[in-house]
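Enquirer: Fold the following for me, if possible:
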Amino acid sequence: FFSRCLQNAPGDVTAYQNRGVAYLERGDLVSAIADFNRSLEINPRSVIAYNNRGNVYRLQGDYEKAIEDYTQVIKIDSNNATAHNNRGLAFEKRQNLVEAMEDYDRAIEIVPNYVEALNNRGMLHRKNGEIEKALADLSRGIELDPSFSPSFFNRGSIFSELRDHGAAIADFSRAIELDPNRAKFFGGRGLARKRRGDQEGALIDFNKAIELDSQDYNFFVKRGTIFQSKGDLEKALMDVDRALVLNPRSRAALTNRGNIFWKKNRLEMAIENYSRAIEIDPHFSQALENRGLAFQKSGDLDSALADFNKLIEIDSSDASAYFRRGLIRTRKGDLEGAVSDYDRVIEIDPAYFNVHNNRGFLKRKQGQFESALADFTREIELHPRNGIAYRNLGYLHQSRGDHEKAAPQFRRYLKLAPQSKQRGKIEAYLKEHE
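Expert: Down below sits the predicted model:
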């Protein structure tokens, strides 16, 4: 239609603009730019043509040219809220976050009920760690337009991160009601359901997400974790393999593949997959931790130690890494190093499970009985169902000949761990000292 119009009126700016938009909607970006270029040759002050051409450049990933076109619109019309919003998107893609925020602010200043700009600013607040501001913008957008599905999806994503799974699922469900053909909406709800413990609901959602978009590797990664948790390792492996076909450099897929092989007790294959993930991202903590544990289980303590050293280098406040390293140092006979690691764990997280027990065990081996007594006692105060702490406290009293104090600790231990391999030995001791 527009082509026929241009045959009759070759200088019709509007026809070029409309045909360019039609090309854009069809995905023919080269033809779209050609039409917008022609429109600007005829009318160099056409804000519509500049804005539309900027949109095409942004889709192509040429953010510099997109910003130039949006800026041209703003020079012609400083109150063009759309150009400010779109330039904000381009700035954000270039990681010019201050400039992006300024543009979103200006767009909302010009048009206070600009829902898309509120959505974009909200997500930038989220990126900046300003969660309350993000929720305020997204909620304001929902008030203004309860039919704008991206606001519900984005607010749901924040609720999911905050572990408010009920609110997240409600928002994702509303987004799905408004637009039931968006795969990522089902993916978001699936993840929230998984985190809430609803494995079956999550599986249904990821199945639907894959039905709508079978090219998004993330959906296969996430569905694979559900199959893995259900014990269906073959289906889990099929999903991560599919994810790796779609994206061979997916750290998450490689790490999950390693986890599957770990569960199959194929540690060499697990380590190989973790190592591939680490090659892609040497700072990927999940793969480093899992590889360290796999090395530890296989008996390669030096390699395990190297991985946990790296984790601590990446994040010196990672209590888990210090705790794991303390275990490895204990096995290597480096008791001082292990105690130092447990000291650091307690400094970071004084209530970390079993750390006082482990430090107490080492203090006892070093002959520091009072310190060991204090540690076992503190572990029991923090975690009264940690049976091993009672057992170790019992052994401490036994080693000092205090059978009256040892007996109740052993009895508590046996109550918490009735299947203990040490049950016979401990019951014999208790009988001997009745």
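Enquirer: in this structure, which residue is closest to the centre?
Expert: Glu161 (8.3 Å; Cα atoms, centre = their mean).
Enquirer: Can you check the pLDDT for that one?
Expert: At Glu161, the model reports a pLDDT of 94.
Enquirer: Repeat that for the one 5 residues further on.
Expert: Per-residue confidence for Gly166 comes out at a pLDDT of 96.
Enquirer: ditto for the one 5 residues further on
Expert: Taken from the predicted model, the pLDDT recorded for Asp171 is 98.
Enquirer: how close does it sit to Asp216?
Expert: Counting by Cβ to Cβ, to the nearest Å, the separation of Asp171 from Asp216 is 20 Å. Where you see a C-beta, it was placed from the backbone N, CA and C, and this is true even at glycine.
Enquirer: Point me to the helix or strand that includes Gly424.
Expert: Here Gly424 sits within helix 423-432, counting by DSSP states H and E.
Enquirer: Which other helices and strands does that helix contact?
Expert: helix 387-399, helix 403-416 (3 or more Cβ pairs under 8 Å, 6 or more residues apart in numbering; DSSP states H and E).
Enquirer: quick check: angle from the longest one to helix 423-432?
Expert: Right, helix 403-416. 140 degrees (axes from the mean of the first three to the mean of the last three Cα atoms, to 10 degrees).
Enquirer: quick check, distance from helix 403-416 to the centre of its chain.
Expert: 43 Å (Cα atoms, centre = their mean, to the nearest Å).
Enquirer: tell me which residues of it are tucked away?
Expert: 403, 406-407, 409-410, 412-414, 416 (16 or more other Cβ atoms under 10 Å).
Enquirer: which residues does Asn218 contact?
Expert: Residues counted as contacts of Asn218 (Cβ atoms under 8 Å, 6 or more residues apart in numbering) are 187, 243, 252.
Enquirer: Okay, helices next: where are they in the stretch 251-400 of the chain?
Expert: Along the stretch 251-400 of the chain, counting by DSSP state H, counting those that start in this stretch, helices occupy 251-263, 267-280, 285-298, 301-314, 319-331, 335-348, 355-365, 369-382, 387-399.
Enquirer: tell me the average confidence for the shortest one?
Expert: Confidence over helix 355-365, taken as the mean pLDDT, stands at 97.
Enquirer: tell me the secondary structure for Ala100?
Expert: Following DSSP: H, G, I helix; E, B strand; the rest coil, Ala100 is assigned to helix.
Enquirer: Asn85 is in contact with that one, correct?
Expert: No: the criterion here is Cβ atoms under 8 Å, and Ala100 misses it with Asn85 at 10.0 Å.
Enquirer: could you dump the helices and strands packed on helix 423-432 to TSV with distance to Asp205 and mean pLDDT?
Expert: Listed next are the helices and strands packed on helix 423-432 as TSV, based on distance: least, Cβ to Cβ, whole Å; pLDDT from 0 to 100:
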stretch	distance to Asp205	mean pLDDT
helix 387-399	39	97
helix 403-416	39	97
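Enquirer: Using CSV, lay out these together with distance to Phe295.
Expert: Shown next, in CSV, are those (distance: least, Cβ to Cβ, whole Å):
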stretch, distance to Phe295
helix 387-399, 24
helix 403-416, 31
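Enquirer: These: which one's closest to Ile426?
Expert: Smallest distance to Ile426 across the helices and strands packed on helix 423-432 (Cβ to Cβ): 4.9 Å, for helix 403-416.
Enquirer: Give me the contacts around the closest one.
Expert: By Cβ under 8 Å, 6+ apart, the residues outside helix 403-416 that reach it are 385-388, 390-391, 393-398, 420, 423, 426-427, 429-430, 433.
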